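[1] any chance you could fold what I've pasted below:
(2 chains)
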Amino acid sequence: MSDRPRIRRKDPQRTAPIRDWSNLFRAAAAQGAAAGADNSATSGAQANGNSPDGAGSASAFAGNAAAHDAVSEEARLGIETAYRVIDKHLQEGRRAAQARMGRDGRTGPGGFAAAAAASPGAGIAQDSIQELVAQGIRFYSSLAPLWSGVLDSIANSTVARDGARADGRAAAPRAPADMLRTAASGAAAPVIVEIASTRMTRITVDLAPNPGAGTLAINGLHALEAEKPPLKDIAFTIEAGSNRPVVRLRVPDGQPAGTYCGVIVDKDSGEPRGTITLRVDG
Amino acid sequence: MTTAVTSSLVPAILNEYGAMTRAALRDYLPSHEPRRHLYDLVADYPLRGGKMMRPSLCIATARAFGARPDDALGTAVAIELLHNALLIHDDIEDGSEQRRGRPTLHAEYGVPLALNAGDTLTLISLRPLIENCVRLGGEVAMKIMHESERVALESAEGQAMELGWRRENMIDLDDADYLEMVLKKTCWLASIYPIRVGALIGTRGAADLDSFIRFGFFLGATFQIQDDLLNLVADQSYGKERDGDLWEGKRTLMLIRLFRESSLDERERLASILRTDRAERTANDVGWIRAQMDRYGCIDYARRYAHRLAGAALHEYSVAFSRLPDSRDKRFIGEMVTWVVERN
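    Numbering: from 1, shown residues only, chains lettered A, B, ... in the order given. Prediction:
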């Protein structure tokens, strides 16, 4: 064992790198500062009627240092100004969104974008797709009579969102994209849901548009409450002939009432493709 | 020694996504009659080309979040169409003479026909957004529509600020005024909106959009200052009229700086030149303003300012995109910052 005295150092004043805008581009700022210092020294000499060549090295150094400080101050002020401008803009956006939400009871056409900026998704999920499309029609038809017919046709052919029944085979409530694709082109096939249950259930299938060629899979539906067993008897298949996705689900008789959710994934890529939510009544 | 770091990824992706957008965009340009006085004019600016920065940012952001390019293509087309529609109107309002190396639309066809073509192009830009309902679903499509409504209003407000300053010959402006105007007039359409809608598409409407406002602001402001600088120093390949901003009396960062640095006499002369209509302004007047800018270091000042904003943009980029895995598209968005200050 060495008999050298153990070296003890003080704890460092900072324990993590300081990363913020003020020192992000130290190298570039130093470069800019150097350029600025050169300019300032030259213009200063011209303003005094002296030749820059006449300046001694000491005074030139002092001049450069002063110019460096001036440029650093200029940099600080410039960035602070920019952040002040953007922060004010964000605050105004939030205030406008809140004011409109308060006035309308929810986000109206004029305030929707601001609301989205302040609180993404706020107030949107609760609205039905029919209401959203109708809002669009009202607002944009005033701008563009050219397109109102197209919008109307989309809105009018939107089908009802809910409709799956627990006691048999029925077209599932559709993700908005699928509803509209079906309505608009008639080409896309809806998801078919088959539920075997002795109790009333309500299911919502939210599937991404064009979910991909890979087979879909779901690893059961889970309740938020850990004590409730997951629903594992669920499978995705593709209906021969029509190529429609089919969800088959069995709810055991003893399954506790509650809401169960699961993520639909693409088996090939593992990417999420949608969600299924099932409510089992008591 | 100074080493310029020039991105090869940015031009490559601008070419790739630009070509995709341009090809898709043609489907939305009507080819039926009346062509001579309407649809030929409508197609004029979009077919002149351009950097395609806006649609590329939209597609790249959507892809960085995991979307397929086709999911963002319609929105990218809408952005480019709206951008061109606003250019027609801006050129009229600014009295500009050149756009993308050729005479502006109103210079070629007169103001009434150009205005009508701009209005039509605005309406046409709505069509891909409506079609988003089919591809992306009604909820995401409606969010994108509301973003489009907002960008239209922000752009109009920014343009009104700038036109108002010129109309009232405002001379006591500061850098914050300029940045606020640029935020509305340029940043929303050039970067904030394309990135936000790209994120909406990529996350199916679940993105937190606030951080993109900050990044888009710093990127867009850097872009605009560089654009203003190029107007004063660029060669013929720039595509716009050299010193056009001085002829038009635009309140750029350099002009605002010049007002601040000038002596009382010089301020008076400057204000008196800018008070005149463009037609009354002489080459001598414009030459004097340009020389004063050099004398007071206004060009260097603006260049330094752009570099600092670029630094802040890179910081905000690291905040806004930190959670995304590395990808070509994510790198492209980050490298755009360097590209906008290095382009010429």
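
[2] and residue A:249, how many neighbours?
    22 (other CB atoms under 10 Å in any protein chain shown). The C-beta positions use only the backbone N, C-alpha and C, and glycine is treated the same way.

[3] which SSE is it in?
    In this assignment (DSSP states H and E), residue A:249 forms part of strand A:245-250.

[4] contacts for that strand?
    Contact partners of strand A:245-250, identified using CB atoms under 8 Å, 6 or more residues apart in numbering or on different chains, comprise A:172, A:189, A:191-197, A:203, A:205, A:207, A:211, A:216, A:218, A:221, A:231, A:233-239, A:276, A:278.

[5] with stretch B:168-180 instead?
    Stretch B:168-180 has contacts (CB under 8 Å, 6+ apart) with A:78, A:81-82, A:84-85, A:88-89, B:161, B:164-165, B:221, B:251-253, B:256, B:259-260, B:267, B:270-271, B:274-275, B:305.

[6] same deal with stretch B:33-45?
    For stretch B:33-45, contacts defined as CB under 8 Å, 6+ apart pick out B:29-32, B:84, B:87-88, B:99-100, B:105, B:109, B:113-114, B:116-117, B:120-121, B:124.

[7] show me which of those residues are buried.
    Buried members of these, scored by 16 or more other CB atoms under 10 Å in any protein chain shown, are B:29, B:84, B:87-88, B:99, B:105, B:109, B:113-114, B:116-117, B:120-121, B:124.

[8] which residues of the stretch 101-250 of chain B lie near chain A?
    Residues of the stretch 101-250 of chain B lying close to chain A (CB under 8 Å from any CB of the partner chain) are B:123, B:126-127, B:130, B:133-140, B:142-143, B:145-147, B:149-150, B:175-176, B:179-180, B:183, B:204-210, B:213-214, B:217-218, B:221.

[9] please pick the buried ones from the residues you listed.
    The neighbour-count test (16+ other CB under 10 Å) marks B:123, B:126-127, B:130, B:133-140, B:142-143, B:145-147, B:149-150, B:175, B:179-180, B:183, B:204-205, B:207, B:209-210, B:213-214, B:217-218, B:221 as buried among those.

[10] which ones among these lie within helices?
    Judged by DSSP state H, these include B:123, B:126-127, B:130, B:133-136, B:138-140, B:142-143, B:145-147, B:149-150, B:175, B:179-180, B:210, B:213-214, B:217-218, B:221 as members of helices.

[11] mind showing which ranges of the stretch 101-250 of chain A have poor pLDDT?
    Scanning the stretch 101-250 of chain A for pLDDT under 70 picks out A:101-189, A:209-214.

[12] filter the contacts of stretch B:33-45 down to the ones in helices?
    Judged by DSSP H, helices contain the following of these: B:84, B:87, B:88, B:105, B:109, B:113, B:114, B:116, B:117, B:120, B:121, B:124.

[13] kindly reformat those as a markdown table containing pLDDT and distance to residue B:329.
    Output for the ones in helices among the contacts of stretch B:33-45, formatted as a markdown table (pLDDT from 0 to 100; distance: CB to CB, whole Å):
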| residue | pLDDT | distance to residue B:329 |
| --- | --- | --- |
| B:84 | 97 | 24 |
| B:87 | 96 | 26 |
| B:88 | 97 | 30 |
| B:105 | 96 | 33 |
| B:109 | 96 | 39 |
| B:113 | 97 | 39 |
| B:114 | 97 | 36 |
| B:116 | 97 | 38 |
| B:117 | 97 | 33 |
| B:120 | 97 | 33 |
| B:121 | 96 | 28 |
| B:124 | 96 | 27 |
